[in-house]
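[1] just to be clear, the model below is a prediction. Sequence and coordinates:
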Number of protein chains: 2
Amino acid sequence: MTKKYELLTVGNAIIDILVTVDEQFLIDQKLEKSAMKLIDEQETASLYSKVGEATEKSGGSAANTAIGFGKFGGSVSYIGTIAKDQFGTVFNHDMNAANVDYQPIFIDDKPTSQSIILVTPDGERTMNTYLGASTDLGPEHIVKEQILAAKVIYFEGYLWYQPPARKAFGLIAEMVKDTDIKIAVSLADQFCVDNFRDDFKALIADGTIEILFGNEDEIKALYQTESFDDAMADNAKTGVLSFITRGAEGAEAQRGSEMAQASVDPVYNIVDLTGAGDIFASGALYGLSIGLNLENCTKLGCLAAREVIQHMGPHPRVDIIKLGQQAGLIG
Amino acid sequence: MTKKYELLTVGNAIIDILVTVDEQFLIDQKLEKSAMKLIDEQETASLYSKVGEATEKSGGSAANTAIGFGKFGGSVSYIGTIAKDQFGTVFNHDMNAANVDYQPIFIDDKPTSQSIILVTPDGERTMNTYLGASTDLGPEHIVKEQILAAKVIYFEGYLWYQPPARKAFGLIAEMVKDTDIKIAVSLADQFCVDNFRDDFKALIADGTIEILFGNEDEIKALYQTESFDDAMADNAKTGVLSFITRGAEGAEAQRGSEMAQASVDPVYNIVDLTGAGDIFASGALYGLSIGLNLENCTKLGCLAAREVIQHMGPHPRVDIIKLGQQAGLIG
């Protein structure tokens, strides 16, 4: 059958509350820079009261990837849970406005999830997430027809923190087992890797995860080594198709002994790194969907990520199809 | 007694939903460019479904002016009504984060007001406002101590559309009658002037309104003339202190025969005019509060407005105190 979606992504549906702070603020609040911390309602209120004026944008790792993929013109669907509240309305609108086929799944007793994202002058983002409705995502929200309509299904690693979402992952993995649907997972952050290393490694080893996304810190955490080269050498042995981002140094793709690299043009004004990895994944996955080789997939990912770090918020503002065309990567 | 607030502003508390559209979209939707249109819940849902991804920011004309005044370092308070919902939480946070002393007044049965603001490539904004909780602002929310603690009380003209808010204005005008507290009013937009011309003119004539804010179109609408010079001549006769913005041409101040002008440095990349008039008012009022002459008040207003039109959203992003210092306007 003809597939309806090149990509389906699954993740926590979140509204980003973006605010700029100085380095000292992170120190004063004892926050781990660049990481994602889960906080409760009271901690959210306390942190919010200490920060300046904010901008609200739709966010969520896998949701960002879906939006980027949709902006490339790819057919894409999304699974995530929201509430019937104002943030939920905003999330639902923005997904569909970016050509993501999102049928909202509403949760009654929790508000839409939100993350206070602290952006420092160097563009780094430190996320403080209050998970509400998104945590209820579970196997009961998985519809077989939607799963089987996709060519690639992408999960954000953050889902592993939530037992019902892990069950949903297991159910989907079971559904696609004897199909040619590929499962992709992003490693989210190094703490997520530290928490669920054995699970991720087992899923790579048994071939459940066929496409892996991560950054330098995450891949080193996965293989518990200080050396990026050692981590990549260990990773090569698994044969998993991997896209590893390296900040200003660009990104690398790897599949067994096959390697590809992309550099990234210098960015003189990094504003906000929020969504950089997610949008890199949009580009790489879109490249795969139209049959680009690994080098060009990696280049397309870098190109899209480079755009998104030059302004506040996790979604491309310019026409990324045109960017890809100008770079000679897409027709 | 020492006044607690240099400024108190009163207006509709609104969350802006900012989205870029092309010129054709305004034509297709039969919208009057640059104006504010009141729409109901159904029209809001319909319009929202037709526009792309948005950014959410706190807004509201008089609220913007309060935020700008607070960012200049002035002591400022605000009166406006919100709901206990997510948009209300955002509004309350952003006001207080900008050093505006806002004690939220909560309305139970309506959501926080919102405006879908359509920004065209020329930076013009066309507002489609769904008034919720903000319409309930009335005399019952006016606390005499708060009123008498201010030196200047600023009202946005949009309030005239709401009978309870007009009553609140009347009550405040009565309270400050025999004090040295000054009432300032912004004319909001030309349709607002068309609707309430007689009321505004009477309030100017009897000296209730001592400071008037408007733009070229609004002052022409007030005096029902095609000629700006004629309008200003008519306005001069009233003796009211007026600040009139003229877009790229800068602004003029007038008090009887006294006149002052400020030009504005060219802006090569106008992004979004939302809040330009409101933030001009912040600068002019702040200038008055520190004893600047009319020319420098007008210059300070232009300087702040010029900053705000170079990015999305109605509030200054850079340090406007520093801007004013660099221009030699403030110490």
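    In hand now; what should we look at? All values derive from a computational prediction rather than experimental measurement.
[2] you'd agree A:Arg255 is up against A:Gly239?
    Yes: using CB atoms under 8 Å, A:Arg255 is in contact with A:Gly239, at 6.7 Å. (Each C-beta comes from the backbone N, C-alpha and C, glycine too.)
[3] which residues of chain A lie near chain B?
    Residues of chain A that fall close to chain B, judged by CB under 8 Å from any CB of the partner chain: A:17, A:48-49, A:51-58, A:67, A:85-87, A:90, A:93-94, A:96-98, A:111-112, A:313, A:315.
[4] show me where chain A has helices.
    In chain A, the helices defined using DSSP state H lie at A:23-28, A:41-50, A:61-71, A:86-97, A:144-148, A:163-176, A:190-205, A:216-222, A:228-238, A:276-289, A:294-308, A:320-326.
[5] looking at the ones you listed, which is nearest to B:Thr245?
    Across the helices of chain A, B:Thr245 has its closest neighbour in helix A:86-97 (31.7 Å, CB to CB).
[6] for PyMOL, write the selection for the buried entries among the residues of chain A next to chain B.
    In PyMOL, this line selects whichever of those come out buried by 16 or more other CB atoms under 10 Å in any protein chain shown:
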select buried, chain A and resi 17+48+51+53+54+55+56+57+58+67+85+86+87+90+93+94+96+97+98+111+112+313+315
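[7] leaving out the residues flanking it, which one is nearest to A:Ala304?
    In space, and not counting its chain neighbours, A:Ala304 is closest to A:Gly283: 3.9 Å by CB to CB, 6 or more residues apart in numbering or on different chains.
[8] how about A:Val51?
    The shortest distance from A:Val51 to any non-neighbouring residue, by CB to CB, 6+ apart, is to A:Val19 (4.6 Å).
[9] near that neighbour, how many other residues are there?
    Using other CB atoms under 10 Å in any protein chain shown, A:Val19 is surrounded by 22 other residues.
[10] in the stretch 201-331 of chain A, which residue sits nearest chain B?
    Of all residues in the stretch 201-331 of chain A, A:His315 sits closest to chain B, at 6.3 Å by CB to the nearest CB.
[11] got it, and chain A?
    Chain B sits closest to A:Glu56 of chain A, with a gap of 3.8 Å, by CB to the nearest CB.
[12] hey, what's the nearest residue to that residue once chain neighbours are set aside bridged with?
    The shortest distance from A:Glu56 to any residue other than its chain neighbours is 3.8 Å, reached at B:Glu56 (CB to CB, 6+ apart). Per DSSP bridges, the residues bridged to B:Glu56 are A:Glu56, B:Ile17.
[13] is it true that B:Glu56 touches A:His93?
    No: taking contacts as CB under 8 Å, B:Glu56 lies outside contact range of A:His93: 10.5 Å.
[14] and A:Ala233, how many neighbours?
    13.
[15] A:Gly256 too?
    Number of residues near A:Gly256 (other CB under 10 Å) recorded here: 12.
[16] find the nearest non-adjacent residue to it, please.
    The shortest distance from A:Gly256 to any residue other than its chain neighbours is 4.6 Å, reached at A:Gly239 (CB to CB, 6+ apart).
[17] phi, psi for the one you found please.
    Torsion angles at A:Gly239 (phi, psi; degrees, to the nearest 10) stand at phi 80, psi 0.
[18] how deep is it tucked in, by neighbour count?
    Applying other CB under 10 Å, we find 16 residues neighbouring A:Gly239.
[19] can you check A:Arg166 too?
    Other residues close to A:Arg166 by other CB under 10 Å number 17.
[20] okay, now the unreliable bits of chain A?
    A:1 (pLDDT under 70).
[21] save the helices of chain A as JSON lines, and put in distance to A:Lys4 too.
    JSON lines is the format used below for the helices of chain A (distance: least, CB to CB, whole Å):
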{"stretch": "helix A:23-28", "distance to A:Lys4": "43"}
{"stretch": "helix A:41-50", "distance to A:Lys4": "38"}
{"stretch": "helix A:61-71", "distance to A:Lys4": "14"}
{"stretch": "helix A:86-97", "distance to A:Lys4": "16"}
{"stretch": "helix A:144-148", "distance to A:Lys4": "9"}
{"stretch": "helix A:163-176", "distance to A:Lys4": "15"}
{"stretch": "helix A:190-205", "distance to A:Lys4": "26"}
{"stretch": "helix A:216-222", "distance to A:Lys4": "31"}
{"stretch": "helix A:228-238", "distance to A:Lys4": "30"}
{"stretch": "helix A:276-289", "distance to A:Lys4": "13"}
{"stretch": "helix A:294-308", "distance to A:Lys4": "22"}
{"stretch": "helix A:320-326", "distance to A:Lys4": "21"}
